[in-house]
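Engineer: Structure for this input, please:
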Amino acid sequence: MQIGVFTDSYLPYTSGVVSSIESFTQELRKLGHGVFIFAPRYPHSMNKNCDGDEEGVFRFASIPAPTNRDFTLAVPFSWRFKPAIDKLHLDVIHVHSPFLLGRLGARYAKKRGIPLVFTFHTLYDHYLHYIPFNQNVTREITQKLCSDFCNNCDQIIVPTSIIGDYIKNFGVNTPVTKLPTGINLDDYAKIDTEWLRNNYNIPERQKILLFVGRLGKEKNVSFLISCFKQIYSLLPETHLVMVGGGPEEQELKKTVTELNIKDNVVFTGILPKSEVIKCYAGSDLFVFPSVTETQGLVIAEAKAGGLPVIAVNAFGSSEMVFNGEDGFLTDFTEAAFIEKVLLLLREDKLRDDMSKQARLNVIQISSRNCALELVEIYSSLINNRLDENLLKNY
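Structural biologist: Residues are numbered from 1 along each chain as shown. Below is the predicted model:
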């Protein structure tokens, strides 16, 4: 099977979308399928190995996004595109955005009469703080754009059921299937549990709370900082480690300085995947305050690393944490969030029991099993299209 993947973000940029594409691509190729990725260039990236002539990756010229200089916006035109894609004889196109390259992929799928799949990764109408216009009007426009795009696809994939219900409520009537991004559990075997403490000079006696994600308003990180200030006042032998980068990073660093907790908060910046996994392995709890997740892939990663999770009970996060088994889902209040963090910091046995359960629960979404489900979706769409063409020609 030949699969074309169109995405508005890809390596070396880091995000849940990129991690999802990476995970499925690796597993699909192991299963013998051809996967070809169409993505933007990142001309200012220090990692040139992820922005050159990578096998199976076609790069479009791009410009920096005005609200996030690390993110680039692809220019969806290239004289090289048509001859390059025509050689591939694609069987299916899978897009990961309803904009720019997602729309280019959709046009090609229609032109060639092949199935179009769209994974709805992002609650786009929850990211409107990056657009300096009337947000109520912009939200309606964004939902309409998304629903129209979805309704021109053959299949929508959502990582959690609650997101499927959400998009149906604003007008999506294309078939929707739940398929989370899987976790390669082999990556989490025999990991150095001391790397995090040693690399950032965190004393052995300190308990470590870990956050992994983009440092943007939509991730609600200021809420976490405020909670940690109160946690630290009650349990001073506690560290908060923030893995990731983003537009709020400098403001958050300023805030922890003003709150006099600078010495107990570590900002690692963006790390390679291998080091992020070491952060999971070396921490005690995973804390996740975001209320805009479609899945919360980092929650699954944390569980694979054996971390109990405390997350705000919202959207995708609510389906990734088994409340009371491998962590806690809390109300969107500092008091509720702090209460559960303190409970697990103080109760070693409970934390250990939840750690073991986290590793067991995450087996349900291994990357290989999820890739096999995706192949079934592709195969069904391709066979249905062949049957439709046979009927037309009969």
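
Engineer: Only C-alpha atoms from now on, for both contacts and neighbour counts.
Structural biologist: OK.

Engineer: so how many other residues sit close to the nearest residue to residue 323 once chain neighbours are set aside?
Structural biologist: Excluding the flanking residues, the one nearest residue 323 by Cα to Cα, 6 or more residues apart in numbering is residue 329, at 5.6 Å. For residue 329, the neighbour count with other Cα atoms under 10 Å is 25.

Engineer: Could you say which helix or strand holds residue 329?
Structural biologist: According to DSSP states H and E, residue 329 maps onto strand 327-330.

Engineer: Same check on residue 58?
Structural biologist: Taking DSSP H and E as the criterion, residue 58 maps to strand 57-60.

Engineer: So what touches the strand holding residue 329?
Structural biologist: Here strand 327-330 makes contact (Cα atoms under 8 Å, 6 or more residues apart in numbering) with 308-313, 318, 321-323, 336-337, 340, 354, 358.

Engineer: centre of the chain versus the helix or strand containing residue 253, how much separation?
Structural biologist: Following DSSP H and E, the helix or strand that holds residue 253 is helix 249-258. In terms of Cα atoms, centre = their mean, to the nearest Å, the centre of helix 249-258 is set 25 Å apart from its chain centre.

Engineer: Go through that helix and flag the buried ones.
Structural biologist: Of the residues in helix 249-258, 249, 252, 253, 255, 256 count as buried by neighbour count, 16 or more other Cα atoms under 10 Å.

Engineer: Now for those residues: which two are most distant?
Structural biologist: By the measure Cα to Cα, 249 and 256 form the most distant pair in those, at 10.8 Å.

Engineer: low-scoring pLDDT stretches of the chain, where are they?
Structural biologist: 45-53, 124-137, 394 (pLDDT under 70).

Engineer: coming back round to it: quick one: list the elements packing against the helix or strand following the strand holding residue 329.
Structural biologist: Going down the chain from strand 327-330, the next helix or strand is helix 334-346, by DSSP H and E. When contacts are defined as 3 or more Cα pairs under 8 Å, 6 or more residues apart in numbering; DSSP states H and E, helix 334-346 sits against helix 221-234, strand 309-312, strand 327-330, helix 348-361.

Engineer: Give the other helices and strands that the next helix or strand after the last one contacts.
Structural biologist: Helices and strands here follow DSSP H and E; after helix 348-361, the next one along the chain is helix 367-393. Contacts of helix 367-393 with other secondary structure elements, assessed using 3+ Cα pairs under 8 Å, 6+ apart, are made with helix 16-30.

Engineer: now could you export just the CA positions of the strand holding residue 329 as PDB?
Structural biologist: Backbone C-alpha positions of strand 327-330 (Å, rounded to 0.1, in the frame of the first residue of the first chain) are rendered in PDB as follows:
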ATOM      1  CA  GLY A 327      -3.800   8.700  38.400                       C
ATOM      2  CA  PHE A 328      -6.500  11.200  39.100                       C
ATOM      3  CA  LEU A 329      -8.700  13.500  37.000                       C
ATOM      4  CA  THR A 330      -9.600  16.700  38.900                       C
END
